[in-house]
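Student: Need the 3D shape of this:
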Amino acid sequence: QPTLDSVFKAIFASASTFVSRGDESGTHVKELTLWKNAGLNPVGQDWYLETGQGQGATLSIASEKSAYALTDRGTFLAYKSNVDLEILFEGDPTLLNVYHVITLNPEKWSNVNLAGAKTFADFVTSPEGQKIIGEFGVEEYGESLFFPDADKTDAELELP
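Tutor: Numbering: from 1, shown residues only. The predicted structure follows:
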């Protein structure tokens, strides 16, 4: 079973084309961290292409060039029928992109609708909200775009 580091090292060693967003987005920052964790820096290599574009355009370019790219599951599934790409590696906890719902401190942010924010946070972390998150995308793409993982203690935290 390959590891995340071994996948990045194999791409680097083979000088296989890798298409990066190159736009300082969350996905781009994560990608650079993964290269760094593998002890590598692809920036400036001939085979490393930075698009400076969004995830969809980056996947399209990767498909056209028979290249590798890092993507989120939702965008991949949305573009899957329009690109000739397959998932090479998934499942490593390092790849998780966790979303949080928080309420702001109304003493610091006077325009905060605290009641509305708490109602939204309670809904998103409720069994009903988690069910909606877990089922999102299944009908259209055959699998969920997100993995529900609410922890009520996290949902009750407030930023200072």
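Student: What separates the first and last residues of stretch 35-43, distance-wise?
Tutor: Distance between the two ends of stretch 35-43: 10 Å, counting by CA to CA, to the nearest Å.
Student: what's the average pLDDT for it?
Tutor: Across stretch 35-43, the average pLDDT comes to 98.
Student: go on, stretch 10-20?
Tutor: On average, stretch 10-20 scores 98.
Student: Need the residues that contact it.
Tutor: By CB atoms under 8 Å, 6 or more residues apart in numbering, the surrounding residues in contact with stretch 10-20 are 2, 28, 31, 35, 38, 40, 42, 45-51, 58, 61-62, 65-70. All C-beta atoms are positioned from the backbone trio N, CA, C, and that covers glycine.
Student: which residues of the chain fall in helices?
Tutor: Counting by DSSP state H, the segments of the chain that form helices are 4-14, 26-37, 55-64, 73-79, 114-125, 127-135, 138-141, 152-155.
Student: any chance of these in TSV, plus distance to P93?
Tutor: Compiled in TSV, the helices of the chain are given as follows (distance: least, CB to CB, whole Å):
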stretch	distance to P93
helix 4-14	9
helix 26-37	12
helix 55-64	21
helix 73-79	14
helix 114-125	21
helix 127-135	18
helix 138-141	23
helix 152-155	17
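Student: any chance of those in TSV, with distance to N97 and mean neighbour count too?
Tutor: Supplementary listing: these in TSV, determined by distance: least, CB to CB, whole Å; neighbours: other CB atoms under 10 Å:
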stretch	distance to N97	mean neighbour count
helix 4-14	14	16
helix 26-37	7	16
helix 55-64	12	19
helix 73-79	9	18
helix 114-125	16	15
helix 127-135	13	14
helix 138-141	17	11
helix 152-155	16	12
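Student: Among those, which comes closest to F89?
Tutor: Relative to F89, the nearest member of the helices of the chain by CB to CB is helix 4-14, separated by 4.8 Å.
Student: quick one, the closest one and helix 26-37 angle?
Tutor: Note on geometry: by axes from the mean of the first three to the mean of the last three CA atoms, to 10 degrees, helix 4-14 and helix 26-37 are set 80 degrees apart in direction.
Student: So what's the gap between helix 4-14 and the chain middle?
Tutor: Relative to its chain's centre, helix 4-14 lies at 20 Å (CA atoms, centre = their mean, to the nearest Å).
Student: With stretch 79-88 instead?
Tutor: Relative to the mean C-alpha coordinate of its chain, stretch 79-88 is positioned 16 Å out (CA atoms, centre = their mean).
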